[in-house]
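Trainee: Starting from these lines, generate the structure:
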Amino acid sequence: MSLARREALIAIARRHGLAIVEDDAYGRLPTTAPPPFAALAPERTFHLTGLAKYVGAGLRIAYLAAPDNRQATILRATAVMVSPLTAMLATRWITDGTADATLLAVREESSARQRLLARQAGMAKVQTHPEAFHAWLSLPAPWRRGQFVEALRRRGIGAVGSDVFAVTEAPPEAMRLCLGGPVDRDGLANALAVIADLLTDGPPST
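Mentor: Numbering: from 1, shown residues only. Predicted coordinates:
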């Protein structure tokens, strides 16, 4: 989200006395990014982030920056505390540089996988970011999202249509590509080649 868009939303929140809940799980992945809402409107932003997305999926710990300290009391009353072992490991990795080193490695791998995506000429209708885990693929007519997802599944490729991510009553004919799903780059390259071929060939005639 651009800085201008963030500022516009903050203006609306301030005008109507609304709180902002910022889910920033991927916030540190881009090399450069606009400032978080918590930096632009700290008086009303609840900023949440964690380590699972860019340090390790098993490191299930999150952090909350809130406008005041009342939330700490609420968290203690409802959750008591996080796992001490998880908190200790996360703290050690943050302070000794392991978390930053892992972030750098994840970012480099994401960039390499994005380059594999960019090489597929049939992927013209893709929206993504050069360091992102995912890409948004708009399907050319006459493909329909359910039809395309089923065609991929028959070829051993798991896929999710736009319905899961849509915020409108009529989801677009699109799907999300998860570039981190295949274990290695060769697996990803093969899956992308299958997708590109399907886009070029079109759906089977009935």
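Trainee: Run through who's touching the lowest-mean-pLDDT helix or strand in the chain.
Mentor: Within the chain, confidence by mean pLDDT, DSSP states H and E is lowest for helix 70-79 among all helices and strands, at a mean of 79. Outside of helix 70-79, the residues that reach it under the criterion Cβ atoms under 8 Å, 6 or more residues apart in numbering are 46, 64, 66. No exception for glycine: its C-beta is placed from N, CA and C like everyone else's.
Trainee: now stretch 133-150
Mentor: Stretch 133-150 has contacts (Cβ under 8 Å, 6+ apart) with 26, 29, 53, 110, 114, 117, 123, 125-128, 159-163, 171-180, 195, 198-199, 202-203.
Trainee: Would you list the buried entries among these?
Mentor: 26, 29, 53, 110, 114, 117, 123, 126, 128, 159, 161-162, 173-175, 177, 179, 195, 198-199 (16 or more other Cβ atoms under 10 Å).
Trainee: where does this protein have low pLDDT?
Mentor: Residues of the chain meeting the criterion pLDDT under 70: 121-122, 124, 206.
Trainee: can you give me the helices in it?
Mentor: 3-16, 37-40, 70-79, 84-96, 98-118, 145-154, 185-201 (DSSP state H).
Trainee: Only the buried residues of the second one, if you could.
Mentor: What it means is helix 37-40. Of the residues in helix 37-40, those buried by neighbour count under the rule 16+ other Cβ under 10 Å are 37-38, 40.
Trainee: Present those residues as JSON lines; the columns should include distance to residue 6.
Mentor: Compiled in JSON lines, the buried residues of helix 37-40 are given as follows (distance: Cβ to Cβ, whole Å):
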{"residue": "37", "distance to residue 6": "6"}
{"residue": "38", "distance to residue 6": "11"}
{"residue": "40", "distance to residue 6": "6"}
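Trainee: Among the residues you listed, which one sits closest to residue 87?
Mentor: residue 38 (21.2 Å; Cβ to Cβ).
Trainee: Cross the contacts of helix 70-79 against strands and list the overlap.
Mentor: With strands identified by DSSP state E, the entries of the contacts of helix 70-79 that belong to them are 46, 64.
Trainee: Now which of the contacts of helix 70-79 would you call buried?
Mentor: Among the contacts of helix 70-79, those buried by neighbour count (16+ other Cβ under 10 Å) are 46, 66.
Trainee: Turn the contacts of helix 70-79 into CSV, including distance to residue 13.
Mentor: Listed next are these as CSV, based on distance: Cβ to Cβ, whole Å:
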residue, distance to residue 13
46, 12
64, 18
66, 15
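Trainee: so what's residue 43 closest to, chain neighbours aside?
Mentor: Nearest in space to residue 43, with sequence neighbours left out and distances taken as Cβ to Cβ, 6 or more residues apart in numbering, is residue 67 at 5.6 Å.
Trainee: try residue 179
Mentor: Using Cβ to Cβ, 6+ apart and skipping the chain neighbours, the partner closest in space to residue 179 is residue 113 (4.3 Å).
Trainee: Next up, the contacts around the one you found.
Mentor: With contact set as Cβ under 8 Å, 6+ apart, residue 113 has these partners: 179-180, 185, 188.
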